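> A structural model of the following input is requested.
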Amino acid sequence: METRRVTLTCSKAKAIEKHTNPLEVWIQKEIRIAILTDQLIEAKQMALEHFRGQGAFTPQANQFAPQVDQPLASLIGIGIGEDNIRIYATDDQAVANAVPSAFIGVKTEIVITPGFEAAVQCGVSVGHQNVTAGTLGCLVQDAARRHRYILSNNHVLADCNNAALGDPILQPGSSDGGTVPANIIAKLTDFEVLDINNPNFIDAAIAELYDLNSVTPDIIQIGFPAAATVPASVDLNVHKHGRTTGYTTGIIRGVNVDTYVNYNSLGRLWFENQIEIGSATNTPQPFSQPGDSGSLILENPDNNPVGLLFAGDDMEITLANPIDDVLNRLRVVF
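Reported below is the predicted structural model:
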């Protein structure tokens, strides 16, 4: 009995045969569910014990521990199919002779996959390939909800106007080990040009995800942003999660701030109508540091978005763009 082999490229729905009788369709579905018999369960358990006896499929083997034979190192999972045992592997050649064709009469099927990657949350390292790293602030979408984007700063995703639309975006950013093409998760889609001659109001950009499931919409230690934004107001409690300082809490100290902001490649730019955030009074650490640019700032604890972090000093002041200005310019929503 030969072991079947398939290549797993993406999830595909299996076609169901057409039936003229709705009752017959229901009965067929019930029969398929019932196929998960004791024999299939027993065969899967026997296969699992077989491979574990050789050092595979154990939590301790998650980094290809030395006791695992090299062929078995490419085995990454096991499951039950419609009428067989599915063995997930990264290398067909390596496991060709390592997987028995059947267990107690139940055939095995080798499913080739590059491996399964956990989706990342928002609030982590991200950046254009030519930028060190900033923060993946949150996910946004177009009004029709057909496209999903990463939201961060121009100087994080668009390299201070130097990038071209379609450029690759890395997660993590290059200074945190991200490389092309291994860590490309999105393509630059739109950004507000930073103006050296006229007032600036936002430092923002979006990049469309290649895989909608590669990033989850919740922010580390914060959760899901509320759909409704709130305007900044003095003494409003806020929080954020950034690439460098992680989770921090703060208080809005000023609104309608007009100020110069220094950019290494562009010089000193003038910004108007910005938000000033300071650390919470009982928090010794600064609200943000370099690398936190792009973090979404939310009302604490209700998680209504307030601003997009883009600058700060070496002491305790953080600056943010009003989030409504960002959303309106980029034509996106939460």
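
> Spell out for me which residue occupies the centre of the protein.
The geometric centre of the chain, computed from its C-alpha atoms, lies nearest to residue 215 (CA atoms, centre = their mean), at 2.1 Å.

> these two touch, right, that residue and residue 208?
No: the criterion here is CB atoms under 8 Å, and residue 215 misses it with residue 208 at 11.4 Å. For the C-beta atoms, the positions are set from N, CA and C on the backbone; glycine is no exception.

> which residues do those two both contact?
The contact sets of residue 215 and residue 208 overlap at residue 150 (CB atoms under 8 Å, 6 or more residues apart in numbering).

> before we move on, back to that, skipping its backbone neighbours, what lies nearest the residue nearest to the centre of the chain in space?
residue 120 (5.5 Å; CB to CB, 6 or more residues apart in numbering).

> and the one you found, what does it touch?
Going by CB under 8 Å, 6+ apart, residue 120 touches 136, 171, 214-216.

> How about residue 327?
140, 229, 333-334.

> do that again at 7 Å, thanks
residue 333 (CB atoms under 7 Å, 6 or more residues apart in numbering).

> who touches residue 294 in this structure?
The contact partners of residue 294, taken as CB under 7 Å, 6+ apart, are 134-137, 152-153, 156, 309.

> would you turn those residues into TSV with distance to residue 108?
Output for the contacts of residue 294, formatted as TSV (distance: CB to CB, whole Å):
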residue	distance to residue 108
134	46
135	45
136	40
137	45
152	45
153	50
156	47
309	51
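
> of all the residues you listed, which two lie farthest apart?
With CB to CB as the measure, no two of the contacts of residue 294 lie farther apart than 136 and 309, at 12.0 Å.

> Between these two, which is the more surrounded one?
Taking neighbours as other CB atoms under 10 Å, residue 136 and residue 309 compare with residue 136 leading, 34 against 29.

> Give me the mean pLDDT for stretch 146-158.
If you average the pLDDT over stretch 146-158, you get 96.

> ok, and for that stretch, which residues are buried?
Neighbour-count burial for stretch 146-158 flags 148-158 (criterion: 16 or more other CB atoms under 10 Å).

> So which of those residues are in helices?
154-157 (DSSP state H).

> before we move on, back to that, closest one to residue 100 out of the contacts of residue 120, please.
residue 214 (34.7 Å).

> check contacts around that closest one.
Applying CB under 7 Å, 6+ apart to residue 214 gives the contacts 119, 185.

> same question, residue 208
Residue 208 neighbours (CB under 7 Å, 6+ apart): 147, 149, 186-187, 189.

> pLDDT weak spots in the chain?
Where the chain drops to pLDDT under 70, the residues are 1-36, 59-71, 117-118, 283, 314.

> In a helix, residue 255, correct?
No: secondary structure assignment (DSSP: H, G, I helix; E, B strand; the rest coil) places residue 255 in strand, not in a helix.

> Ramachandran angles for residue 169?
phi -110, psi 130 (degrees, to the nearest 10).

> ok, now how distant is it from residue 121?
Residue 169 sits 16 Å away from residue 121, taking CB to CB, to the nearest Å as the criterion.

> between those two, who's got more neighbours?
Neighbour count, other CB under 10 Å: between residue 169 and residue 121, residue 169 has more, with 31 against 17.

> pretty sure that one contacts residue 205?
No: Residue 169 sits out of contact with residue 205 when judged by CB atoms under 7 Å, with a separation of 9.2 Å.

> that older thread, make a markdown table from the buried residues of stretch 146-158 and add distance to residue 84 to it.
Putting the buried residues of stretch 146-158 into a markdown table (distance: CB to CB, whole Å) gives the following:
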| residue | distance to residue 84 |
| --- | --- |
| 148 | 35 |
| 149 | 40 |
| 150 | 39 |
| 151 | 44 |
| 152 | 45 |
| 153 | 50 |
| 154 | 52 |
| 155 | 52 |
| 156 | 47 |
| 157 | 45 |
| 158 | 49 |
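
> In those residues, find the pair that's most separated.
The two members of those with the most space between them (CB to CB) are 148 and 155, at 22.2 Å.

> The helix or strand containing residue 189 pairs with which strands, parallel or anti?
Counting by DSSP states H and E, the element that carries residue 189 is strand 184-191. Sheet pairing of strand 184-191 (DSSP bridges) gives strand 168-170 (antiparallel), strand 205-209 (antiparallel).

> Pull out the buried residues from the helix or strand just after the last one.
Using DSSP H and E, the helix or strand that follows strand 205-209 towards the C-terminus is strand 215-219. Neighbour-count burial for strand 215-219 flags 215, 217-219 (criterion: 16+ other CB under 10 Å).
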